[in-house]
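Colleague: Based on what follows, work out the 3D shape:
(one chain, ligands or ions: 1)
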Amino acid sequence: MHIDPADILTCIDDGLSGSPTGTPVAVPIVQTSTFAFDSLESLGLGLAAEHETHVYSRGRNPTVEVLERKLATLERGAACTCFGSGMAAISAVLMGTLRAGDHVLFVNQTYGPTLQLGAQLRRFGIEHDLLLDLDSDSVAAAIRPHTRLLWLESPGSMLCRTLDLAAVAQIARARGITTCIDNSWATPLFQKPLLHGIDIVVHTCSKYIGGHSDVIAGAVITDTARMREIFYRAFMLNGGVLAPFDAWLCLRGLRTLPARMRQHHESGLRVAEWLRTHPRVRRVFHPAFIAAPEPAEETLTGWSGVFSFELDATEYDDVRRVVDALRCFRIGVSWGGVESLVITPARRDNGPALDAQRIPRTLIRLSIGLEDPGMLSDDLARALAA
Ligand SMILES: *Cc1c(COP(=O)(O)O)cnc(C)c1O
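Modeller: Below is the predicted model:
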């Protein structure tokens, strides 16, 4: 595991410079909807460049901007815009880059609502496919003449399968296709996709970046030209803005992100390794255990605490009994908080849908929090014996 020392400083330091009368160490919350100008002329100039001026908080806001600067720095990107949720960020990228007649290729197991949004885009004349064969030849073969966007997850949802980001970026660039990755699992501390040739990074900040299960937020990081398109075509008009207080919660989350990620990395690996030896566990899906040709170490400098395992069983009720028997793990959606969570994609009646996405029917996903990993393993041992 490695975290760049400069990134730790970016997370902690809010960049407010000193003054003789004292400077706040935490970012002030600028709770204002509108900004006043000293003349009509200067308001006019502001309105002509809302992506870089404080005019109205549906555009730029000073508190949100501090978070945007930090996330851009951490991802090594030129520009960042924050959103009121991860899905608002994802919607803005799709709306900002696609038009009727285009095709988007989702590569790897993909966050459910992202795929659902892809299906909604059909109503606007945009087609999509989901590709689950991750080698370069399959990616190249799945590209159609009107493919305009490759949507990536790596590690992917549920199974944590990884992509060769540089290879996929190269395939896309050679064909003039934009690439976007949902980098929420790794956080910018453990993976920097822009450095491997990916064009756009999105995050839900509701998971590790916020880190305490108390805020919904999202972000897009890319170059200035793409950011401006996404800003004016989608962000300003969709209205999915991040409130200044919620940006402040994310900034507070960032301050402990390096410390939390170290712990999630270690505890996650310990619990995953323990599960691997359990007779009732068929397979553990953690990127540390995935062999080539899906090399994880190329781009990932650490593991987060989210992974899954396949129960050695066939029935939904077996899964239900194990999940319900857990005590330290709370049952719920989401992940990336300080408390451990458990969920399964399995329902009593969705076996065929899982098969279509190559997700085992007895899969259980864990988000390892900051509790003692020995205690979490004990809890799993008890539940698996149930
Ligand atoms: C939760 C999640 C999102 C959506 O983020 P919200 O902030 O809940 O809108 C997107 N991608 C992944 C991988 C997620 O887990």
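Colleague: tell me the contacts of residue 324?
Modeller: Counting by CB atoms under 8 Å, 6 or more residues apart in numbering, residue 324 touches residue 331. (Glycine included, C-beta is placed from N, CA and C.)
Colleague: What parts of the stretch 51-200 of the chain come near the ligand?
Modeller: Within the stretch 51-200 of the chain, the positions near the ligand by CB under 6 Å from any ligand atom are 85-87, 111, 157, 182, 184.
Colleague: I'd like the average pLDDT over the longest helix seen in the chain.
Modeller: Taking DSSP state H as the assignment, the helix of the chain that covers the most residues is helix 244-276. In this model, helix 244-276 carries a mean pLDDT of 98.
Colleague: Ok, stretch 153-170 next?
Modeller: Per-residue pLDDT over stretch 153-170 has a mean of 96.
Colleague: And for stretch 39-51?
Modeller: The predicted confidence, averaged over stretch 39-51, sits at 96.
Colleague: Measure how far that stretch is from the centre of its chain, please.
Modeller: Averaging C-alpha coordinates over stretch 39-51 and over its chain gives two centres that are 34 Å apart (CA atoms, centre = their mean, to the nearest Å).
Colleague: for the stretch 201-350 of the chain, what spans make up the strands?
Modeller: Assigned strands in the stretch 201-350 of the chain, in chain order: 218-222, 281-285, 306-311, 330-331, 341-343 (criterion: DSSP state E, counting those that start in this stretch).
Colleague: Of those strands, flag the one that's most buried.
Modeller: Of the strands of the stretch 201-350 of the chain, the one with the most neighbours on average (mean count of other CB atoms under 10 Å) is strand 218-222, at a mean of 29.
Colleague: Let me know whether that strand sits next to the ligand.
Modeller: Yes: judged by CB under 6 Å from any ligand atom, strand 218-222 and the ligand are in contact via residue 218.
Colleague: Can you say which two of the residues of the stretch 51-200 of the chain next to the ligand are spatially most distant?
Modeller: The most widely separated members of those, counting by CB to CB, are 85 and 157 (16.7 Å).
Colleague: Show me which of the two is the more surrounded one.
Modeller: Neighbours were counted for residue 85 and for residue 157 using other CB atoms under 10 Å; residue 157 has more, 23 against 19.
Colleague: give me the beta-bridge partners of residue 79?
Modeller: With DSSP bridges applied, the residues forming beta bridges to residue 79 are residue 222.
Colleague: per-residue pLDDT, it?
Modeller: For residue 79, the model assigns a pLDDT of 98.
Colleague: Could you do the one 5 residues further on as well?
Modeller: Per-residue pLDDT puts residue 84 at 98.
Colleague: And for residue 292?
Modeller: Confidence at residue 292, expressed as pLDDT, is 51.
Colleague: Same question for the one 3 residues further on.
Modeller: At residue 295 the predicted local distance difference test score is 57.
Colleague: check which helix or strand covers residue 358.
Modeller: According to DSSP states H and E, residue 358 maps onto no helix or strand at all.
Colleague: hang on, residue 362 packs against residue 345?
Modeller: No: with contact defined as CB atoms under 8 Å, residue 362 does not reach residue 345; the gap is 10.2 Å.
Colleague: re earlier: looking at the strands of the stretch 201-350 of the chain, which is closest to residue 4?
Modeller: Closest to residue 4 of these is strand 218-222 (CB to CB; 16.0 Å).
Colleague: What residue in this structure comes nearest to the ligand?
Modeller: In the chain, no residue comes nearer to the ligand than residue 86, which is 2.3 Å away by CB to the nearest ligand atom.
Colleague: Tell me the residues of the stretch 201-350 of the chain that contact the ligand?
Modeller: Counting by CB under 6 Å from any ligand atom, the residues of the stretch 201-350 of the chain lying close to the ligand are 204, 206-207, 216, 218.
Colleague: try it again with 5 Å
Modeller: Near the ligand, the residues belonging to the stretch 201-350 of the chain are 204, 206, 216 when assessed by CB under 5 Å from any ligand atom.
Colleague: Now for the residues you listed, which sits with the most neighbours around it?
Modeller: residue 204 (27 neighbours).
Colleague: ok, and the closest non-adjacent residue to that one?
Modeller: With CB to CB, 6 or more residues apart in numbering as the measure, residue 86 is the residue that lies nearest to residue 204, at 2.6 Å, once sequence neighbours are left out.
Colleague: Go ahead and confirm the one you found touches residue 208.
Modeller: No: Residue 86 is not in contact with residue 208 according to CB under 8 Å; the separation is 11.6 Å.
Colleague: neighbour count winner among the two?
Modeller: In this comparison of residue 86 against residue 208, neighbours counted by other CB under 10 Å, the higher total goes to residue 208 at 28 against 24.
Colleague: quick one, phi psi at the more buried one?
Modeller: The phi and psi values for residue 208, taken as degrees, to the nearest 10, are phi -70, psi -40.
Colleague: So for it, what pLDDT did the model give?
Modeller: Predicted confidence (pLDDT) for residue 208: 98.
Colleague: right, and it touches residue 262 too?
Modeller: No: contact status for residue 208 versus residue 262: not in contact, 12.0 Å apart, counting by CB under 8 Å.
Colleague: Would you map the helices across the protein?
Modeller: So, for the chain - with DSSP H - the helices run 5-12, 40-47, 62-75, 86-97, 112-120, 136-142, 165-174, 187-190, 224-230, 236-238, 244-276, 316-325, 351-356, 373-385.
Colleague: Tell me which of those is the most buried.
Modeller: Ranked by mean neighbour count under mean count of other CB under 10 Å, these are led by helix 187-190, which reaches a mean of 26.
Colleague: tell me the mean pLDDT for that one?
Modeller: Averaging pLDDT along helix 187-190 gives 98.
Colleague: Now do that helix: which elements does it pack against?
Modeller: If you count contacts as 3 or more CB pairs under 8 Å, 6 or more residues apart in numbering; DSSP states H and E, helix 187-190 packs onto helix 5-12, helix 62-75, strand 200-204, helix 244-276.
Colleague: Check which helices and strands the first one is in contact with.
Modeller: When you say that, I think you mean helix 5-12. Judged by 3+ CB pairs under 8 Å, 6+ apart, the packing partners of helix 5-12 are helix 62-75, helix 187-190, helix 244-276.
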